[in-house]
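Q: Just to be clear, the model below is a prediction. Sequence and coordinates:
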Amino acid sequence: MSGPKRLHLHLLSDSTGETLENIAKAALAQYDGVDTVRHFWPMVRTEAHLERILQEIAQNPGLVIYTLVNAATRRALEGRCRSLGLPHVAPLDPVNDALSAMLGQQAKARPGRQHVLDAAYFARVDAIQYTIAHDDGVAPEDWEEADVVLAGVSRSSKTPTSIYLANRGYKVANIPIVVESPPPAILFTLKHPLVVGLTTSADRLIAIRRNRLLSLNQATETSYVEQEAVQRELTYARRLFGDRGWPVIDVTRRSIEETAAAIISLCNERAGTGRVTTE
């Protein structure tokens, strides 16, 4: 039986390369049995820099994916790839072509233009600061300012989901649902935020909690991971969500990104239109 297929993947960007990394990650997730060696080249803005990179590409031939706006740099890269017989892809070109046709104007060839410190950037910073300051039930008196409030039992992905949403510009507060300690009354009077309940399976929750206790060098045989106690917590939380009519998302088989996407969809449905951003 043959081993995994090795792929050298060269990612070239004239900015931070964040867009390219996300594209590559999403595409590679569709394939199994691939040993990927990533060569990441951000801030490629001169032909001299490109020449050094091309030597590395020639030594490790593979797929070249790039987002370069400078015409001369692009031509140099594309010409060398053709001479080496290497596939090369500019994934943003079809999007830019479609936008250019729809808007009747050419794209501005400015590296890193999406990272301009505009109002949307500062709104995201504000959202991140708010979210960090309102983690794990902190400062309930400010929850009315939130866009989203996440509720769920301990270790149900509330914090990582909150931080992901904050990076998308949403102010998020989250609160643990504990059987012995009912949530503050203000949670049930909120008008502006969308309150969403997060739930999961007992088996998954126990596994996550056990790993957490092990990482802290704590005893793993407590009610925190006992099947009956965990099931009681989940039942209590689900009943609370149902009584309040809050939307509930089961995170058992969802990644943080998928959970966040579902919450954003709920926000859009509640608003009646898609969320308008300047990202």
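A: Okay, I see it. If you're wondering where the values come from, they're calculated on a predicted model, not measured in any experiment. Residues are numbered from 1 along each chain as shown.
Q: Strands of the protein, start to end?
A: 5-13, 34-41, 63-67, 88-89, 148-152, 172-176, 194-199, 248-250 (DSSP state E).
Q: Trp163 - how many residues pack around it?
A: Check again: residue 163 is Ile, not Trp. By other C-beta atoms under 10 Å, 18 other residues sit near Ile163. Every residue, glycine included, has its C-beta placed from N, CA and C.
Q: Below-threshold pLDDT in the stretch 151-279 of the chain: ranges please.
A: 272-279 (pLDDT under 70).
Q: can you rerun that using 80?
A: 219-221, 271-279 (pLDDT under 80).
Q: TSV for the strands of the chain, including mean neighbour count and distance to Asn268?
A: Shown next, in TSV, are the strands of the chain (neighbours: other C-beta atoms under 10 Å; distance: least, C-beta to C-beta, whole Å):
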stretch	mean neighbour count	distance to Asn268
strand 5-13	19	30
strand 34-41	14	33
strand 63-67	21	28
strand 88-89	16	31
strand 148-152	25	12
strand 172-176	25	16
strand 194-199	22	10
strand 248-250	18	15
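Q: So Ala260 versus Ala237, what's the distance?
A: Plainly put, Ala260 is 20 Å away from Ala237 if you go by C-beta to C-beta, to the nearest Å.
Q: for Ile208, same thing?
A: From Ile208 across to Ala237, the span is 15 Å (C-beta to C-beta).
Q: how about the helices in the stretch 51-200 of the chain?
A: Along the stretch 51-200 of the chain, counting by DSSP state H, counting those that start in this stretch, helices occupy 71-84, 93-103, 119-133, 158-167.
Q: Okay, buried residues for the third one please.
A: When you say that, I think you mean helix 119-133. Neighbour-count burial for helix 119-133 flags 123-124, 127-128, 130-131 (criterion: 16 or more other C-beta atoms under 10 Å).
Q: For Gln55, see how far away the residue lying farthest from the centre of the chain is.
A: The centre of the chain is farthest from one residue, Ser83, which by C-alpha atoms, centre = their mean lies 37.4 Å away. Computed as C-beta to C-beta, the Ser83 to Gln55 distance reads 13 Å.
Q: pLDDT score assigned to Met102?
A: pLDDT recorded at Met102 is 85.
Q: before we move on, what about Met1?
A: So Met1 comes in at 46 (pLDDT).
Q: just Lys5 next, same as before
A: With respect to pLDDT, Lys5 scores 85.
Q: do Tyr31 as well
A: 90.
Q: What is the neighbour count of it?
A: 10.
Q: what's the spacing between the top helix by length along the chain and its chain's center?
A: In the chain, with assignment by DSSP state H, the single longest helix is helix 227-244. The chain centre lies 28 Å from the centre of helix 227-244; the measure is C-alpha atoms, centre = their mean, to the nearest Å.
Q: hey, C-alpha coordinates of it in PDB?
A: Provided in PDB are the C-alpha atoms of helix 227-244 (Å, rounded to 0.1, in the frame of the first residue of the first chain):
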ATOM      1  CA  GLN A 227     -22.200  10.700  33.100                       C
ATOM      2  CA  GLU A 228     -25.300  11.200  35.200                       C
ATOM      3  CA  ALA A 229     -24.300  14.600  36.400                       C
ATOM      4  CA  VAL A 230     -23.300  15.800  33.000                       C
ATOM      5  CA  GLN A 231     -26.500  14.600  31.500                       C
ATOM      6  CA  ARG A 232     -28.400  16.400  34.200                       C
ATOM      7  CA  GLU A 233     -26.600  19.600  33.300                       C
ATOM      8  CA  LEU A 234     -27.400  19.300  29.600                       C
ATOM      9  CA  THR A 235     -31.100  18.500  30.300                       C
ATOM     10  CA  TYR A 236     -31.300  21.500  32.600                       C
ATOM     11  CA  ALA A 237     -29.800  23.800  30.000                       C
ATOM     12  CA  ARG A 238     -32.000  22.500  27.200                       C
ATOM     13  CA  ARG A 239     -35.100  23.000  29.200                       C
ATOM     14  CA  LEU A 240     -34.000  26.500  30.000                       C
ATOM     15  CA  PHE A 241     -33.400  27.300  26.300                       C
ATOM     16  CA  GLY A 242     -36.700  25.700  25.400                       C
ATOM     17  CA  ASP A 243     -38.700  27.600  28.000                       C
ATOM     18  CA  ARG A 244     -37.300  30.900  26.800                       C
END
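Q: Can you name the residues in contact with that helix?
A: Contacts to helix 227-244, defined as C-beta atoms under 8 Å, 6 or more residues apart in numbering, come from residues 151-154, 177-179, 188, 195, 197, 199-200, 202, 205-206, 209, 223-224, 248.
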